[in-house]
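Visitor: Only the shape, not the letters, is given here:
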C-alpha cells in the first residue's frame, strides 16, 4: 500500500508542476483559423475527400462546414490540435444560442460533450441554427428517441 | 518492490526532462500541457485501480500456478523463455485489445492523446482488470513458470515500452529496427492514418508482427497523425477513461437492433455498425486506397521526370 501511495504522490507532484507551467503559459496558444480554406483543410485531415464551404467562428477557434453531400462538419481547437467531426443526428443532443452570437452544441458523446462556435452575424447564425435544429430533430425522431440524452 | 518503485520514479522524471529539452528546441517532441496534465490524472486513476484490483491478475496467476502442468525451474533460461512467451502473450493481448470493441473500450484510453511523447505512457486504462483479458496471463503460470518470473517478465516488458513513446528518436540501426520495437514502429502504432491503423502490436520483439502480418513501416511521406479515428473533445480524465463504454452502452440501447447486432456492437471491431454507417479499419483503408494510389503514381511520375532531366 505504501508503494501505491508513493506512486500516486509522485504523479500528483508531476501534475502540480504541470499545473504551474500551464498557469505561466496561459494565452500562449495563438493559432486561429483565418480563412475558410484553412478550416476545410483541417476537416480534410480526417475526411480527405470532403468538399464544402466553411463558416468560421469569429474567434477563429472553430468552424462549421456545409458539406457538399448535405452533411454538417465541425472543426474545433482542442489544446494544440484541430479536431474535426461530422455531425451525426444521433449525437446532436442540443443547440443553445446566446444573444452575443455564441452557439453551443451539446453532444450525446461522453468523449466530446460540447462544442462552441461564435457566429455574430445574425443572418448566418439564424441559417446555421435552423440547420442544426433540423439535424437534432432528425436524431430525436430516430432510434434513440425517448432515451435520456447526455 | 522498492526497485520497481525507484524505476517508476526515474521514468516519471524523464518526462519533464524530455519536455524541457523539447521546449528548448533541442529535441523533436511536442508537449501540450493540458494533454500532459490529463495523462497524469489518468495515470493516478490507473495506478489506483491497479493497486486495488491488481489482486485479480495476481490471484489468477497464482491459482493457475497451483494447478500447473510442469515444474519449470527458477533459472536464467526459464526467465529468458518466460520473457519471450510473455512478449507473445502481450502481442495477442494487444491485438485483441484493438480488434474487439469491448476490449478496445479499455485500451482506447492509451491511444486517445493526439500527442506522442514520454507522458503518453501515463495514459493507461482504468478498467484492464474488468475486461477479462487478464485471463491471457494465466497460461504461462499454468504451464509451470513461477509467478515471480511471469511478473518480472511482465514488468520488464512494460518498462522496455517506456522509451519507445517518443518522437525524439528517429531510427535505430537496421538490425535493431528489424528485431525490436522502436520509437519509429510505435509511432506507427499510435497513428490514425488509415495505412497505419491496427498495426505494430509488439511489446519488445517485432518478430510477432512480422510473423502474424501486422507489421507496417513508418513512411517519411505519410507522417503519423496521433490519436484515434474519432478524436476526443475533452481533457477530462473521467471522460477519457470511460467514453467508449458510454458509446457501447448507447448502441446497446438502440431499440431497432437484434441481439446478434447488439453482440456486433459489443464484440465486433471498433467502427462496426449494423447498417454500415460507420467505418472499421478495413473500410477506412479501402476509402484511402485510391488517395494512396494517386500519391504513389504521382511520386513515380516525378521520379521518372527527374530521371529524364
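Guide: Here it is on my side, so go on. As the structure is a prediction and not an experimental result, all values here were calculated from the model.
Visitor: Quickly list the domain ranges of chain A.
Guide: A:1-30, A:36-140 (automatic domain parsing).
Visitor: ok, and which of those domains has the densest surroundings?
Guide: domain A:36-140 (a mean of 18; mean count of other Cβ atoms under 10 Å in any protein chain shown). Yep, even glycine has a C-beta here, placed from its N, CA and C like the rest.
Visitor: what's the straight distance from one end of that one to the other?
Guide: Start and end residues of domain A:36-140 are separated by 30 Å (Cα to Cα, to the nearest Å).
Visitor: Spell out whether it and chain B are in contact.
Guide: Yes - counting by Cβ under 8 Å from any Cβ of the partner chain, contacts between domain A:36-140 and chain B involve A:45-46, A:48-49, A:76, A:78-81, A:83, A:85, A:107-115.
Visitor: Show the average pLDDT along that domain.
Guide: Mean per-residue pLDDT for domain A:36-140: 92.
Visitor: following the particular helix or strand that has residue A:39 in it, which helix or strand comes up?
Guide: Per DSSP states H and E: residue A:39 is located in helix A:36-44. For helix A:36-44, the following helix or strand on the C-terminal side (DSSP H and E) is strand A:52-56.
Visitor: who's in contact with that next one?
Guide: A:33-37, A:39-40, A:43, A:62-68, A:73, A:75, A:119, A:124, A:128 (Cβ atoms under 8 Å, 6 or more residues apart in numbering or on different chains).
Visitor: what's the angle between it and helix A:36-44?
Guide: Counting by axes from the mean of the first three to the mean of the last three Cα atoms, to 10 degrees, strand A:52-56 lies at 110 degrees to helix A:36-44.
Visitor: How far off centre is strand A:52-56?
Guide: Relative to its parent chain, strand A:52-56 has a centroid offset of 15 Å by Cα atoms, centre = their mean, to the nearest Å.
Visitor: Please give the three-state secondary structure assignment for the residue positioned nearest the centre of chain A.
Guide: Geometric centre of chain A, nearest residue: residue A:115, 3.4 Å, by Cα atoms, centre = their mean. Of the three states, residue A:115 takes strand under DSSP: H, G, I helix; E, B strand; the rest coil.
Visitor: That one contacts residue A:96, correct?
Guide: No - Residue A:115 lies out of contact with residue A:96 (Cβ atoms under 8 Å); the separation is 11.2 Å.
Visitor: any residue of the longest helix seen in chain B up close to chain A?
Guide: Identified as the longest helix of chain B according to DSSP state H is helix B:281-308. Yes - against chain A, helix B:281-308 shows contacts by Cβ under 8 Å from any Cβ at B:287-288, B:291.
Visitor: Give the buried residues for the helix or strand of chain B with the lowest mean pLDDT.
Guide: Every helix and strand in chain B was compared by mean pLDDT, DSSP states H and E; the lowest is helix B:281-308, with a mean of 82. Buried positions in helix B:281-308, judged by neighbour count with 16 or more other Cβ atoms under 10 Å in any protein chain shown: B:281, B:283-285, B:288, B:292.
Visitor: which one of the residues you listed sits closest to chain A?
Guide: Distance to chain A across the buried residues of helix B:281-308 (Cβ to the nearest Cβ) is lowest for residue B:288, with 6.9 Å.
Visitor: Check whether residue A:91 really touches residue A:109, as I assumed.
Guide: Yes - look at residue A:91 against residue A:109 with Cβ under 8 Å: they come within range, at 5.1 Å.
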